[in-house]
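A.B. asks: Here is a sequence together with a model predicted from it:
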Amino acid sequence: MTLNANKITRALSALALTVGTAAVPFAASAQQAASPAGPAPGQWYKTCAKQGENDLCVVQNVQLAQNGQLITAVGLMTLQGKETRKIMQVSVPTARLLPPGIVMQIDGGKGQKMDYTVCLPDKCIAEAPLTDANLAALKKGSEVVFTSVNFRRAPNPIKITLGGFTGVFDGPAISESQVAESQRSLQESMQKKAEETRQKLEEAQNAAKQGQ
């Protein structure tokens with residue numbers, strides 16, 4: 001089976017940039033070596049899977065707020081086999097100003113614009129080809145900043161470390177079970193923090209009532 005360009009894009013979009021409770025959907029079918037631990041929040045990680053007659057690998061970094069809401073998610077997707085394609089996708093929250101897109105800066109260098117391809121109910125996605133020059137710069141860099149513009153016309157820069165990026169990109173993928181375990185741990189941590197915040201609020205309210 002040979003995938004045309006549109007099918008490839010849909011396949012890549014479906015695989016990349018998942019957040020919240022859903023694990024990376026195609027990782028279970030990949031034949032891969034894995035490290036004992038799953039990715040920690042905000043770290044780079046890699047998943048691979050078969051997509052038809054092609055091998056599809058995605059290197060991701062997902063930045064979440066303490067309440068679990070998406071801040072920024074980055075996916076570098078490499079398709080090899082009967083089809084060869086490299087794409088970078090960046091997802092940001094909705095309520096973005098259109099059409100400015102997202103600007104990428106590596107170590108404060110010249111900004112590179114990425115145009116939005118679609119806005120969904122929970123995020124807007126910008127996409128650009130992953131060039132050899134950009135990949136080399138990411139591997140050599142120390143940090144990358146993605147800047148979108150919100151509906152109030154205010155720039156919203158998000159800084160992501162490139163520490164460990166090269167090792168993840170060139171190294172083995174991790175399994176779906178590791179991604180799922182990492183997401184489960186993250187959810188439990190967020191639930192615990194939310195409960196602690198609720199308890200502190202109740203204590204403050206009770207103290208205020210007693211002081212009246």
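C.D. replies: Right, received. Where do you want to start?

A.B. asks: Closest to the centroid, which residue in this protein?
C.D. replies: Nearest residue to the geometric centre of the chain (C-alpha atoms, centre = their mean): residue 73, 2.6 Å.

A.B. asks: partner residues bridging that residue?
C.D. replies: residue 62, residue 91 (DSSP bridges).

A.B. asks: From residue 116, how far out is it?
C.D. replies: Taking C-beta to C-beta, to the nearest Å as the measure, residue 73 falls 14 Å from residue 116. No exception for glycine: its C-beta is placed from N, CA and C like everyone else's.

A.B. asks: Check residue 149 too.
C.D. replies: The value you get for residue 149 to residue 116, if C-beta to C-beta is used, is 11 Å.

A.B. asks: Overlap in contacts, these two.
C.D. replies: Shared contacts of residue 149 and residue 116 (C-beta atoms under 8 Å, 6 or more residues apart in numbering): residue 96.

A.B. asks: where does the protein dip in pLDDT?
C.D. replies: 1-39, 41, 176-194, 211-212 (pLDDT under 70).

A.B. asks: Assign a three-state SS to residue 206, would you?
C.D. replies: helix (DSSP: H, G, I helix; E, B strand; the rest coil).

A.B. asks: neighbours around it, how many?
C.D. replies: If you count neighbours by other C-beta atoms under 10 Å, residue 206 ends up with 10.

A.B. asks: Kindly provide the distance from it to residue 196.
C.D. replies: Residue 206 is 16 Å from residue 196, by C-beta to C-beta.

A.B. asks: Kindly report the same for residue 75.
C.D. replies: Taken as C-beta to C-beta, the span from residue 75 to residue 196 is 32 Å.

A.B. asks: ok, now residue 127?
C.D. replies: On the measure of C-beta to C-beta, residue 127 and residue 196 end up 39 Å apart.
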